[in-house]
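Visitor: When you get a sec, could you give me coordinates for this:
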Amino acid sequence: MALDISKINQVSFPDDQYYRSVVEKNQIVIHHTVSGHGINGDVNHWKASEARVATSLIIDRKGDIHQCFSTKYYAHHLGIKRGFILEQKTTKSNLELNQKSIAIELDSYGGLEKKGSKYITVYGNEVPAKSVVSYKEKYRGYKYYEKYTDKQIAALKDVLEYLTKKYDIPFEYKEDMWDVSKDALNGVSGIYSHTSYRADKSDCHPQPELISMIKGEKKKTSSPAKKRSVEKKTSIKLKTQSNGAVKKKATKKTNKK
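Guide: Numbers count the residues shown, from 1 in each chain. Okay, here's the model as predicted:
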């Protein structure tokens, strides 16, 4: 379905919370928020800081799209340390990568801990088992994550189709996007995750439905038995460097629902 721009919710976001400089874009970076339902906590968290950290777009669990500022502008969203760039021997600075990328947040609690039969967020909330995806091995410190919803993934697809055409960015799946990617750090055009730029981040996680969407695969219908199995084992090739535990912005959000 083509993106209906008129249905994007415009967020009241101060001009001094991002940079109103027009920079040519060649990368799209997908994040998740580590927060409860709704975007208010995320937006208020950004507004409370003078660091100009934000993303242009947020997609909530219902698939509604919210825009803080135009995708032609930028804010800080990667946070790559200079020492890490030197260690990776890549060519682009953190500033340049922020300037030339469009950041999108998916509203999600992210990584979860299993306590007994319950799945618990970094805030202590319980996430229903039906909303949990399990991996065979820990990914960036977590075996369990809140699922990105079908509506979120569908909305993200519409956004990606629109932005890749608008900015002439390849709509292609990159196998290395779930590990630190030299292509991402060198500013190669494409779609990436925050995990592509930093070994200490867990957004986004490699949910099969998200991967299938980026690959352009049609959605498969699960059998009732599979739907009942929350701990369906998902396999993906990951490097050992991807196991650092992360609690992104865990103590600073106000929407702990």
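Visitor: Under a three-state scheme, what state does G38 occupy?
Guide: coil (DSSP: H, G, I helix; E, B strand; the rest coil).
Visitor: Let me see the confidence value for it.
Guide: Here, the pLDDT recorded for G38 equals 94.
Visitor: since we're on it, how many residues are nearby?
Guide: G38: 17 surrounding residues under other Cβ atoms under 10 Å. Bear in mind the C-beta positions are built from the backbone N, C-alpha and C, glycine included.
Visitor: do the same with K62
Guide: Neighbours of K62 (other Cβ under 10 Å): 12.
Visitor: Please name the nearest non-neighbouring residue to it.
Guide: Using Cβ to Cβ, 6 or more residues apart in numbering and skipping residues adjacent in sequence, the residue nearest K62 is K151, 5.8 Å away.
Visitor: shouldn't that neighbour be in contact with G63?
Guide: Yes - at 3.0 Å, K151 and G63 qualify as touching, with contact defined as Cβ atoms under 8 Å.
Visitor: Show me the strands in the stretch 101-250 of the chain, by range?
Guide: For the stretch 101-250 of the chain, the strands defined by DSSP state E, counting those that start in this stretch occupy 101-106, 111-115, 118-120, 126-127, 132-139, 142-146, 190-193, 233-234.
Visitor: so what strands line up beside the first one?
Guide: Pointing back at strand 101-106 there. strand 27-32 (parallel), strand 57-59 (parallel) (DSSP bridges).
Visitor: still on that earlier bit, tell me how far the residue nearest to K62 lies from D107.
Guide: 11 Å (Cβ to Cβ, to the nearest Å).
Visitor: what stretches of the stretch 101-250 of the chain score poorly on pLDDT?
Guide: For the stretch 101-250 of the chain, applying pLDDT under 70 flags the ranges 219-250.
Visitor: What segments of it are helices?
Guide: For the stretch 101-250 of the chain, the helices defined by DSSP state H, counting those that start in this stretch cover 150-167, 182-185, 208-215, 224-228.
Visitor: Out of those helices, flag the one nearest S202.
Guide: helix 208-215 (13.7 Å; Cβ to Cβ).
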